[in-house]
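Engineer: Need the 3D shape of this:
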Amino acid sequence: MNFNIAYTDTASSARAGTITTAHGAIQTPIFMPVGTQGTVKAVHQHELIDDVKAQIILGNTYHLYLRPGTDILHKAGGLHKFIHWDRPILTDSGGYQVYSLKGMRKITEEGVKFQSHVDGSRHFFSPENVMDIQRMIGADIIMAFDECTPYPCDYQYAKKSMHMTHRWLKRCIQQFDRTEPLYGYNQTLSPIVQGSTYPDLREESANFIASQNREMNAIGGLSVGEPHEDMYAMTELVCNILPKDKPRYLMGVGLPENILEGIALGIDMFDCVLPSRNARHGLLYTKDGVINIKNAKWQEDFSPIDSTSDAYTSQIHTKAYLRHLFKVEELLAAQIATIHNLSFFLWLVTESRNKIMEGTFHSWKNEMVGKVSIRR
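Structural biologist: Predicted coordinates for the structure are as follows:
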């Protein structure tokens, strides 16, 4: 994987670059639609390309390991071939899912014993076998196995967890470096900075992750309930330490305003389930704020969902029609809304890139942060 920075913003730490992988180039800053189980819910792959303009999608190791299973994926020739997607894929290691399985898992130095949320069957994840599983999935970018601490989190627990994540990382690196990719193309391993909202822990973790000298780095354990101000403070601190010549990925973030502020702090990659999950509940993100399309105020609004959207469906269908689809619980409602939201998120990062290259990102960002957070 290669990363080239083409432009930097003079008034912030924002930058526009290109990540080159075996499955194509990614223009940064970028948002990655979440395709947890081998699909971005309610959206076909050709719509991800044609309407959403997705350059990379995200899959999840925990879910893909359980269903369809690594044997099926291996026989298919990897996730790319299984889902007919020839662009880059990133897989989360399952650390966040382990964190969310409280009461169904036990964390030790060796790894994590957990019960499947599907059938209660018992399984074990270690740093080593998570690397092997991600080799079989075949993503271009794979994440190190870590523990994502909750918020709020006791300082001593956060410190203990961070050090274990660091020890797990060393084991991930050893296993990754002594194994080979299975499908004829290279994969990249990304470490993850942890440390909750404690500046000294974040600083220590960022320095440790930077010292591992991998091709990219990620920031985890944020967007788990902490105030946005803490998220931004921790992100800024870590970005000032991580190497500037390598991509930085802020995991699980977030809202449009979070993404804009993250870009200004030097983040290159984002992912979040919010645009697709909220779409299925009728919440639409636009350049002028958030719309609850189920509200009665849209019942007789025959204007396009968003005439300025890059998504064809948002240009040709009206707000009144989409509201009707939600009210009668038609599956098409989720499809149209999801395509719209993902298209908006991809527009947001693409326009951010354009403004960085034009030298106007900082003032544009400040204006947009105020607009996109309004509830209409």
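Engineer: C-alpha only now, for contacts and for neighbours.
Structural biologist: Fine.
Engineer: Need the residues that contact stretch 252-261.
Structural biologist: Stretch 252-261 has contacts (Cα atoms under 8 Å, 6 or more residues apart in numbering) with 220, 222-223, 228, 232, 270-274, 345, 348-349, 352, 365, 368-369, 372-373.
Engineer: Repeat the analysis, applying 7 Å as the threshold.
Structural biologist: Outside of stretch 252-261, the residues within contact range by Cα atoms under 7 Å, 6 or more residues apart in numbering are 223, 270-272, 274, 365, 369, 372-373.
Engineer: Kindly report the same for stretch 244-251.
Structural biologist: Counting by Cα under 7 Å, 6+ apart, 3, 215-220, 267-271 sit against stretch 244-251.
Engineer: sorry, back to before: which of the contacts of stretch 252-261 has the largest number of neighbours?
Structural biologist: residue 270 (24 neighbours; other Cα atoms under 10 Å).
Engineer: wait, that one sits on residue 34?
Structural biologist: No: counting by Cα atoms under 7 Å, residue 270 does not reach residue 34; the two are 10.2 Å apart.
Engineer: Farthest pair within the contacts of stretch 244-251?
Structural biologist: 3 and 220 (20.7 Å; Cα to Cα).
Engineer: For the two, indicate the residue with more neighbours.
Structural biologist: residue 220 (25 against 19).
Engineer: Quick one, grab the pLDDT at residue 103.
Structural biologist: With respect to pLDDT, residue 103 scores 82.
Engineer: How about residue 69?
Structural biologist: With respect to pLDDT, residue 69 scores 98.
Engineer: For it, grab the count of nearby residues.
Structural biologist: If we define neighbours as other Cα under 10 Å, then residue 69 has 16 of them.
Engineer: Repeat that for the one 4 residues further on.
Structural biologist: Residue crowding around residue 73 was assessed by other Cα under 10 Å; the count is 22.
Engineer: Quickly note the distance from it to residue 93.
Structural biologist: Separation of residue 73 from residue 93 (Cα to Cα, to the nearest Å): 16 Å.
Engineer: Contact partners for the residue minimising distance to the centre of the chain?
Structural biologist: When Cα atoms, centre = their mean is applied to the chain, the residue found nearest the centroid is residue 271 (1.9 Å). Residues in contact with residue 271, defined by Cα under 7 Å, 6+ apart, are 31-34, 251-254.
Engineer: Equivalent analysis for residue 6, please.
Structural biologist: 16-17.
Engineer: so where's the stretch 251-376 of the chain uncertain?
Structural biologist: Judged against pLDDT under 70, the stretch 251-376 of the chain has no low-scoring part.
Engineer: Name the SS class of residue 291, please.
Structural biologist: Three-state call for residue 291 (DSSP: H, G, I helix; E, B strand; the rest coil): strand.
Engineer: wait, residue 131
Structural biologist: Per three-state DSSP, residue 131 ends up helix.
Engineer: ok, it to residue 278 distance?
Structural biologist: 32 Å.
Engineer: higher neighbour count, these two?
Structural biologist: A side-by-side neighbour count of residue 131 and residue 278, using other Cα under 10 Å, places residue 131 first with 27 against 17.
Engineer: taking the mean pLDDT, what do you get for the helix or strand where residue 16 lies?
Structural biologist: Element membership for residue 16 (DSSP states H and E) is strand 15-21. Taken as a whole, strand 15-21 carries a mean pLDDT of 98.
Engineer: Which is the succeeding secondary structure element to that strand?
Structural biologist: Next along the chain after strand 15-21, with elements defined by DSSP H and E, is strand 24-28.
Engineer: Quick one: list the elements packing against that following strand.
Structural biologist: Judged by 3 or more Cα pairs under 7 Å, 6 or more residues apart in numbering; DSSP states H and E, the packing partners of strand 24-28 are strand 15-21.
Engineer: by how many degrees do the strand it packs on and strand 24-28 diverge?
Structural biologist: Strand 15-21 and strand 24-28 are oriented at 160 degrees to each other (axes from the mean of the first three to the mean of the last three Cα atoms, to 10 degrees).
Engineer: ok, and what's touching strand 15-21?
Structural biologist: So strand 15-21 is contacted by 1-9, 25-29, 88, 140, 266, 353, 356 (Cα under 7 Å, 6+ apart).
Engineer: got it, and stretch 107-116?
Structural biologist: With Cα under 7 Å, 6+ apart as the criterion, stretch 107-116 contacts 104-106, 121-127, 164.
Engineer: ok, now with 8 Å
Structural biologist: By Cα under 8 Å, 6+ apart, stretch 107-116 touches 66, 98, 101, 104-106, 121-127, 164.
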